[in-house]
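[1] here's a sequence, model it:
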Amino acid sequence: MNRNNISMSIALITLLSGCGSSSDTQTDIDSELSVHIKSNQLTGDPSSGKTVPSISDAKAQLGMKLFFTKGLGGDKDSACVSCHHPVLGGGDKLSLPIGVSAIEPDLLGRGRIHTSSAVNYENGWATVPRNAPSTFNVALWNRSLFWDGRVEKIEGGMSTPDSGFSKVDSNAGANLAVAQAQFPVTSAEEMRGFVFEQGNSTTQIRDHLASRLSDSTLVDYIPNSWQSEFTSIYGDNSLTFANIVDAIGAYENSQLFINTPWKAYVDGNQTAISTEAKNGAKLFFSSYEAGGVNCVECHSGDFFTDEKFHVMAIPQVGRGKGDGTVGDDDFGRSRVDSIGKYAFRTPTLLNVEVTGPWGHSGAYTTLDGIVSHMVDIDSAVAGYDVSLLDSNVKTTNVTANTARALAQLKTNRTNEISPHQNVSLSASQVSDLVAFLKTLTDPCTKDRTCLDKWIPDTSSSGPDSLQLNAVDSSGSLL
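    This is a model prediction of the structure:
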């Protein structure tokens, strides 16, 4: 063999050995993740065993029209979609929502504001005290809805704010989404307003809204149009509030977005996610003792949530829920149940990339920010920067209120109630975790064309002239 052939052979051996090393590394981490997938009994499909309505179903189509009409807003300036638009991740892209009395009712997302002169608004602050949860995959929740779980499945049915904690509400409806849909219309800040049906019971408010949709004397409504839609699905004399929320629930439940790269990976496609995402998955699923972050302790299963309530000391920004010495704190689950002070429901991580801002108060406006908080809560609280928030989010007592939540977390750790431990990660490790979380995004949630079927045609006004045709701050249709 001459010198050139020897050189070529050495180069080929080096190249092959390099490829082999890379392949072995890839195989090693895939093998490790395979163990985690099996030990956590993951299938990639959180909808298994559930019946989820199609958006093409007549009931879901009616629910979509109801979801988008400002006719269910007490002052006809807000709709369900004001805080839960599909293009905005099933939320509103705001830390805290602006429900009623927006200067431009059809403007959603950044730029949606109200004036300080509006009724009951102080200094123009957002008055809805908690972040708007995404409606995406709402059909997959098994236990409760709302950050504090105040709509909850219990033995014999469901409890709601109408019945009180742990008591069956006989009017709750067929499922969690239907039960939850009954309450935004009765919230003054979200949809009811401060003039419509002031001081009347929730039942009177709901019944009034139902009768208003069938009122042919109102110039906003095409005579008998709503009634004919309800009759075709529910029968005669069926324009009731119970059927309104039943249809809205069908629309919300149809928003199933689970076809993620992670699902493809669990199904066996090892190229479906990047090496960085695999490294992040290893951190996510590994215990503290094994050098991981133990996220899976709470974000478990294919739906990535244990549906329980935990104290995570997310900075308490906003006007609060009337708790604490000056009323701008939020005690979370303990407002429903006597235990669980500062505890909030574990959110699902499916589509987390598109469903921010994050936390019960929307305190974090970047995915990196909320991940860094969950990894090392003590350090994140100490370095929290309120300047990242919109100016209409109240931050007057955020330091003091958050300190009390952090103290509760530390107490829970001492008493072995909380499994959370602080972990020091490098910037690249945080980046890997974020890369993994992005593999939980269904591409449809980022594709306007794919989302079209959940958004009414703007060329048609529907059964009334109050359809909310959403625009962004530039005036472009969402």
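
[2] gap between the nearest residue to residue 234 once chain neighbours are set aside and residue 232?
    Nearest-residue entry for residue 234: residue 243, 5.0 Å, with adjacent residues in sequence omitted and distances by C-beta to C-beta, 6 or more residues apart in numbering. Using the backbone N, CA and C atoms, a C-beta is placed for each residue, glycine as well. Separation of residue 243 from residue 232 (C-beta to C-beta, to the nearest Å) stands at 12 Å.

[3] what about the stretch 1-150 of the chain, any weak spots by pLDDT?
    1-26, 116-123 (pLDDT under 70).

[4] quick check: can you list the domain ranges of the chain?
    Under the assignment automatic domain parsing, the domains of the chain span 58-256+448-454, 261-444.

[5] got the end-to-end distance for the shortest one?
    I take that to be domain 261-444. Start-to-end span of domain 261-444 (C-alpha to C-alpha, to the nearest Å) is 12 Å.

[6] now do stretch 41-61
    One end of stretch 41-61 sits 35 Å from the other (C-alpha to C-alpha).

[7] buried set for that stretch?
    Within stretch 41-61, the residues that count as buried by 16 or more other C-beta atoms under 10 Å are 42, 44, 46, 53, 55, 57, 59, 60, 61.

[8] residues touching the third one, list them.
    It refers to residue 46. Applying C-beta atoms under 8 Å, 6 or more residues apart in numbering to residue 46 gives the contacts 137, 140, 258, 301, 302, 303, 350.

[9] how near is the residue nearest to residue 234 to residue 214?
    In terms of C-beta to C-beta, residue 243 sits 12 Å off from residue 214.

[10] show me where the stretch 251-400 of the chain has strands.
    Using DSSP state E, counting those that start in this stretch, the strands of the stretch 251-400 of the chain run over 309-311, 343-345.

[11] which of residue 243 and residue 232 has more neighbours?
    residue 243 (19 against 11; other C-beta atoms under 10 Å).

[12] pretty sure that one contacts residue 229?
    No - look at residue 243 against residue 229 with C-beta atoms under 8 Å: they stay out of range, at 10.3 Å.

[13] just the pLDDT at residue 326, thanks.
    pLDDT recorded at residue 326 is 93.

[14] tell me who's in contact with the nearest residue to it once chain neighbours are set aside.
    Leaving out its chain neighbours, the residue that sits closest to residue 326 by C-beta to C-beta, 6+ apart is residue 397, at 6.5 Å. For residue 397, the contacting residues are 316, 324, 326, 328, 329, by C-beta under 8 Å, 6+ apart.

[15] circling back: identify the contacts common to residue 243 and residue 214.
    Common neighbours of residue 243 and residue 214 (C-beta under 8 Å, 6+ apart) do not exist.

[16] endpoint to endpoint, stretch 71-90 covers what distance?
    For stretch 71-90, the end-to-end distance is 20 Å (C-alpha to C-alpha).

[17] do stretch 208-219 as well
    End-to-end distance of stretch 208-219: 17 Å, with C-alpha to C-alpha as the criterion.

[18] hmm, who's touching that stretch?
    The contact list for stretch 208-219 (C-beta under 8 Å, 6+ apart) reads 71-72, 74, 185, 197, 200, 221, 223-224, 226-227, 239-241, 244, 463-465.

[19] buried stuff in it?
    Neighbour counts over stretch 208-219 (16+ other C-beta under 10 Å) mark 209, 210, 212, 213, 214, 218 as buried.

[20] max pairwise distance over the residues you listed: which two?
    Spanning the widest gap among those are 210 and 218, at 13.2 Å by C-beta to C-beta.

[21] how far away is the residue nearest to residue 234 from residue 179?
    From residue 243 over to residue 179 the distance is 14 Å, taken as C-beta to C-beta.

[22] one more: residue 225?
    Going from residue 225 to residue 179 by C-beta to C-beta gives 27 Å.

[23] do the same with residue 312
    Residue 312 is 26 Å from residue 179, by C-beta to C-beta.

[24] over to residue 153?
    9 Å.

[25] of these two, who's got more company?
    Remark: of residue 153 and residue 179, residue 179 carries more neighbours, 26 against 19, as counted by other C-beta under 10 Å.

[26] just to revisit the earlier point, can you put the buried residues of stretch 41-61 in TSV and add distance to residue 430 and secondary structure?
    As requested, the buried residues of stretch 41-61 are exported to TSV (distance: C-beta to C-beta, whole Å; DSSP: H, G, I helix; E, B strand; the rest coil):
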residue	distance to residue 430	secondary structure
42	23	coil
44	25	coil
46	26	coil
53	38	coil
55	36	coil
57	42	coil
59	43	helix
60	39	helix
61	43	helix
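
[27] wait, which of those is closest to residue 445?
    residue 55 (14.0 Å).

[28] what's the closest non-adjacent residue to that closest one?
    residue 254 (4.2 Å).

[29] these two touch, right, the one you found and residue 59?
    No - using C-beta under 8 Å, residue 254 makes no contact with residue 59, being 9.2 Å away.

[30] just to revisit the earlier point, out of the buried residues of stretch 208-219, name the ones that lie in helices.
    Those of the buried residues of stretch 208-219 mapping onto helices are 209, 210, 212, 213, per DSSP state H.

[31] dump those to a markdown table, plus pLDDT and distance to residue 127.
    A markdown table is the format used below for those (pLDDT from 0 to 100; distance: C-beta to C-beta, whole Å):
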| residue | pLDDT | distance to residue 127 |
| --- | --- | --- |
| 209 | 94 | 21 |
| 210 | 95 | 26 |
| 212 | 92 | 24 |
| 213 | 93 | 26 |
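
[32] and of these, the nearest to residue 367?
    The closest of these, once distances to residue 367 are taken by C-beta to C-beta, is residue 209, at 37.3 Å.

[33] which of the contacts of residue 397 tops the neighbour count?
    Of the contacts of residue 397, residue 316 is surrounded by the most neighbours, 30 neighbours in total, counting by other C-beta under 10 Å.

[34] re the thing from before, any common contacting residues for residue 254 and residue 59?
    Shared contacts of residue 254 and residue 59 (C-beta under 8 Å, 6+ apart): residue 53.

[35] picking that back up, how about a markdown table for the contacts of residue 46, with distance to residue 344 and neighbour count added?
    Shown next, in a markdown table, are the contacts of residue 46 (distance: C-beta to C-beta, whole Å; neighbours: other C-beta atoms under 10 Å):
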| residue | distance to residue 344 | neighbour count |
| --- | --- | --- |
| 137 | 18 | 24 |
| 140 | 18 | 21 |
| 258 | 23 | 21 |
| 301 | 18 | 17 |
| 302 | 22 | 21 |
| 303 | 17 | 20 |
| 350 | 18 | 27 |
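
[36] need these in TSV with distance to residue 292, can you?
    Shown next, in TSV, are those (distance: C-beta to C-beta, whole Å):
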residue	distance to residue 292
137	26
140	25
258	25
301	17
302	19
303	20
350	20
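
[37] closest to residue 97 among the residues you listed?
    Distances from residue 97 to those, taken by C-beta to C-beta, are shortest for residue 137, at 19.7 Å.
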